[in-house]
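Trainee: task: produce atomic coordinates for the following.
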Amino acid sequence: MHRHVILLSALLTIFSARAETAPAGERAAIIQSIVKELNTSYIDPDKARKLDPVLRRADFGKADSDEAFARSVTAMMQDVTKDPHLRLLYRAEPAPAGTRAKPAPTLAQRQARMREENYGIERVERLPGNIGYLKTRFFASAAESGPAIGAAMTLLANTDALIIDLRENGGGATDAVPLLASYFFDEPTHIADLYRRAGDVTEQQWTSPAVPGKRFGADNEVYILTSKETFSAAEGLAFALKNLKRAVIVGETTRGGAHPSRIKTINAHLALMLPVSTARDPVTLKDWEGVGVAPDVAVPAAEALTRAQILILDKLRARKQEPEVQADLRKRLEELGSAS
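Mentor: Here you go, the predicted model:
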């Protein structure tokens, strides 16, 4: 969650398939290194303790390549923890000794990539019935995406309701969650706690009293579309707004990854993606790890946009009594396959 989805995708590409096999003794040392990292840094100490004997006793002899070994270790770790962020990654080309697995992009390169990807914003649209629609593919950091988010929200500020489409959003920067949430509250609101095992530190996330562009406000309705692929920070936004009764979630239960992670190099070919923190509801202290965020209105992801529009338009018909507006709303409902 602290890393952009683009960077995570790049890491998963770098640590990818090509057969090369380490000796059995080296694999035992790798497992020892992984167990040590889990016991000292993994966000859930109890699950780390459960994994310790499982990994140490496992026979990885059937893994005929280091890529297969990484897959087997990942499957075993995720089977015990149900944590999709916890992975052993394989890099086909060995990193030069004493260097990082991949040179870090320069600030200019990273900024250029973010601009090319429009900071994750794919569509900003005013749908029939004066419904706002915002689709994002990932969350860039608040510092980078603030102006673009502000421009998008200014365009949508005068709509009667807003749909945020996170069905293809794989997460990204955690500070984008309070940034986007800030547009939907008129007063500073405590939306989440980020707990880090290192130092036993809890960082509160609050909405901001000031936002780039125009605030949507606390009165008009917000709907969030989700799918089985909605992940990480995107789940964090849905989780927070659902718990605060500020958004209606429409679609499918999300993937279930609440643990921001860091990458720990094991050797020239392998690295451990290690969850070191978690995002929690500040009241219940619960997160969505392993269970996902359940929708308020459960429908297949492909039908979520249509269903959200129907829900909004039905409510608008009850509020707007002008005959011309009523006729337009009824026509749009018929186009969407609902005569209600």
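Trainee: just list whatever residues bridge to Leu127.
Mentor: On the basis of DSSP bridges, Leu127 is bridged to Ile131.
Trainee: and stretch 115-134, what's its mean pLDDT?
Mentor: Mean pLDDT, computed over stretch 115-134, is 95.
Trainee: make sure Leu194 is indeed in a strand.
Mentor: Yes. With DSSP: H, G, I helix; E, B strand; the rest coil as the criterion, Leu194 is part of a strand.
Trainee: tell me who's in contact with Val124.
Mentor: Residues near Val124 by CB atoms under 8 Å, 6 or more residues apart in numbering: Tyr133, Leu134, Lys135, Ala152, Leu155, Leu156. In short, each C-beta sits where N, CA and C put it, glycine included.
Trainee: same deal with Glu289?
Mentor: Lys82, Asp83, Gly256, Gly257, Ala258, His259, Thr278.
Trainee: relative to Gly171, which of those residues is nearest.
Mentor: Closest to Gly171 out of the contacts of Glu289 is Gly257 (7.2 Å), distances taken as CB to CB.
Trainee: ok, that closest one to Asp59 distance?
Mentor: Here the criterion is CB to CB, to the nearest Å. By it, Gly257 lies 29 Å from Asp59.
Trainee: neighbour count: those two, which is higher?
Mentor: Remark: of Gly257 and Asp59, Gly257 carries more neighbours, 29 against 8, as counted by other CB atoms under 10 Å.
Trainee: and the contacts of Glu289, which of them are buried?
Mentor: Buried members of these, scored by 16 or more other CB atoms under 10 Å, are Asp83, Gly256, Gly257, Ala258, His259, Thr278.
Trainee: show me the two of these that sit farthest apart.
Mentor: Gly256 and Thr278 (12.1 Å).
Trainee: follow-up on the earlier one: just the buried residues from the contacts of Val124, in ChimeraX please.
Mentor: To isolate the buried subset of those in ChimeraX, counting by 16+ other CB under 10 Å, use the following:
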select :133,134,135,152,155,156
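Trainee: pull up the distance across stretch 159-178, start to finish.
Mentor: 21 Å (CA to CA, to the nearest Å).
Trainee: what is the mean pLDDT for it?
Mentor: The model assigns stretch 159-178 a mean pLDDT of 96.
Trainee: so Val325 sits in a helix?
Mentor: Yes. Under three-state DSSP, Val325 falls within a helix.
Trainee: any idea how far it lies from Ala192?
Mentor: 38 Å.
Trainee: do the same with Val299
Mentor: Counting by CB to CB, the gap from Val299 to Ala192 is 26 Å.
Trainee: picking that back up, and which of the contacts of Glu289 is nearest Ser232?
Mentor: Nearest member of those to Ser232, counting by CB to CB, is Gly257, at 4.9 Å.
Trainee: which residues touch stretch 36-51?
Mentor: Stretch 36-51 is contacted from outside by 35, 52, 76-77, 80-81, 83, 86, 195, 197-198, 259, 264, 272, 274-278, using CB under 8 Å, 6+ apart.
Trainee: any of those buried? List them.
Mentor: When neighbours are counted using 16+ other CB under 10 Å, the contacts of stretch 36-51 contain these buried positions: 35, 52, 76-77, 81, 83, 86, 195, 197, 259, 264, 272, 274-278.
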